[in-house]
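Enquirer: Sequence and predicted model, in that order:
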Amino acid sequence: DIQMTQSPSSLSASVGDRVTITCRASQSISTYLSWYQQKPGKAPTVLIYAASSLPSGVPSRFSGSGSGSDFTLTISNLQPEDFAVYYCRQSYSVPVTFGGGTKVETK
Amino acid sequence: EVQLVESGGRLVQPGGSLKLSCAASGFTFSGSAMHWVRQASGKGLEWVGRIRSKTNNYATAYGGSVKGRFSISRDDSRNTVYLQMNSLKTEDTAVYYCTRHVAYIGDWYVFDPWGQGTLVTVSS
């Protein structure tokens, strides 16, 4: 199975900050990487697919980059509604695996 | 509006069985692969498995921790996907989500949307 490692596991930030979360795969996954946001008590929602593409409706302050085994999710100009947990997910091979999550908290 | 509604979660004893349902609406269910993902309280997301469409022979795949114990099926006439869970263990306690497989050109796909989840508690 492909292991997905996210860092940091949590971070503190303020509204307006630029936030970067990293995700590393245990082997190359090309760009078969997506990012999800989960707010407390809610189901996850998709933010990014194919490492850097935004589905329609996702705000442009979210961006993704990377290929191979190293990826980043960047939130520019952090908004109050962005305080949540973020997960990366690989779909290069079955079983699909998720990173452990990064909690973005208020500083 | 695309909607997924899970049901069937409850308290069950270790070693027992349970069948979850996920009713879909607002899209062509028969053409979509469907996945189950679970989340233990305060923990991360764990992929349980998926079932493909009739076009893809209803092929299934499972995560290692549930392989041989859980099975996924679907009834396209009822727009419903099921998760049959057997030989349940305390570590299977989690919220179980169903989610739709949305494919993009190039074999990329996302899970969108997700249902609200149903809680399964395995305890004596």
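Expert: Noted; the coordinates are in hand.
Enquirer: A:Ser63 is in what secondary structure piece?
Expert: strand A:62-67 (DSSP states H and E).
Enquirer: same for that strand, what does it pack against?
Expert: When contacts are defined as 3 or more C-beta pairs under 8 Å, 6 or more residues apart in numbering or on different chains; DSSP states H and E, strand A:62-67 packs onto strand A:33-38, strand A:45-48, strand A:70-75. In short, each C-beta sits where N, CA and C put it, glycine included.
Enquirer: So which of these is nearest chain B?
Expert: strand A:45-48 (4.5 Å; C-beta to the nearest C-beta).
Enquirer: Adjacent strands (with direction) for that closest one?
Expert: Strand A:45-48 pairs in its sheet with strand A:33-38 (antiparallel), by DSSP bridges.
Enquirer: Just the CA trace of the strand it pairs with, in PDB.
Expert: Taking Å, rounded to 0.1, in the frame of the first residue of the first chain, the C-alpha atoms of strand A:33-38 are listed here in PDB:
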ATOM      1  CA  LEU A  33      -3.300  13.400  -5.700                       C
ATOM      2  CA  SER A  34      -6.300  15.200  -4.500                       C
ATOM      3  CA  TRP A  35      -7.000  17.400  -1.400                       C
ATOM      4  CA  TYR A  36     -10.100  17.400   0.800                       C
ATOM      5  CA  GLN A  37     -11.300  19.800   3.500                       C
ATOM      6  CA  GLN A  38     -13.300  18.700   6.500                       C
END
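Enquirer: what distance separates that strand from the centre of its chain?
Expert: 5 Å (C-alpha atoms, centre = their mean, to the nearest Å).
Enquirer: can you list contacts of it?
Expert: Contacting residues not belonging to strand A:33-38 are listed as A:23, A:25, A:44-51, A:62, A:64, A:66, A:71, A:73, A:82, A:84-91, A:101, B:45, B:108, B:110-111 [C-beta atoms under 8 Å, 6 or more residues apart in numbering or on different chains].
Enquirer: CA atoms only for the strand holding A:Ser63, dumped as PDB, please.
Expert: Extracted in PDB, the C-alpha atoms of strand A:62-67 (Å, rounded to 0.1, in the frame of the first residue of the first chain):
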ATOM      1  CA  PHE A  62      -6.700  27.300  -2.800                       C
ATOM      2  CA  SER A  63      -3.900  25.900  -5.000                       C
ATOM      3  CA  GLY A  64      -2.000  22.700  -5.300                       C
ATOM      4  CA  SER A  65       1.400  21.700  -6.700                       C
ATOM      5  CA  GLY A  66       3.700  18.800  -7.000                       C
ATOM      6  CA  SER A  67       4.200  15.600  -8.800                       C
END
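Enquirer: Pull out the buried members of the contacts of strand A:33-38.
Expert: Buried subset of the contacts of strand A:33-38 (neighbour count, 16 or more other C-beta atoms under 10 Å in any protein chain shown): A:23, A:25, A:44-51, A:62, A:64, A:66, A:71, A:73, A:82, A:84-91, A:101, B:45, B:108, B:110-111.
Enquirer: Tell me the spacing between the most centrally placed residue in chain A and B:Thr93.
Expert: Geometric centre of chain A, nearest residue: A:Trp35, 3.9 Å, by C-alpha atoms, centre = their mean. From A:Trp35 over to B:Thr93 the distance is 27 Å, taken as C-beta to C-beta, to the nearest Å.
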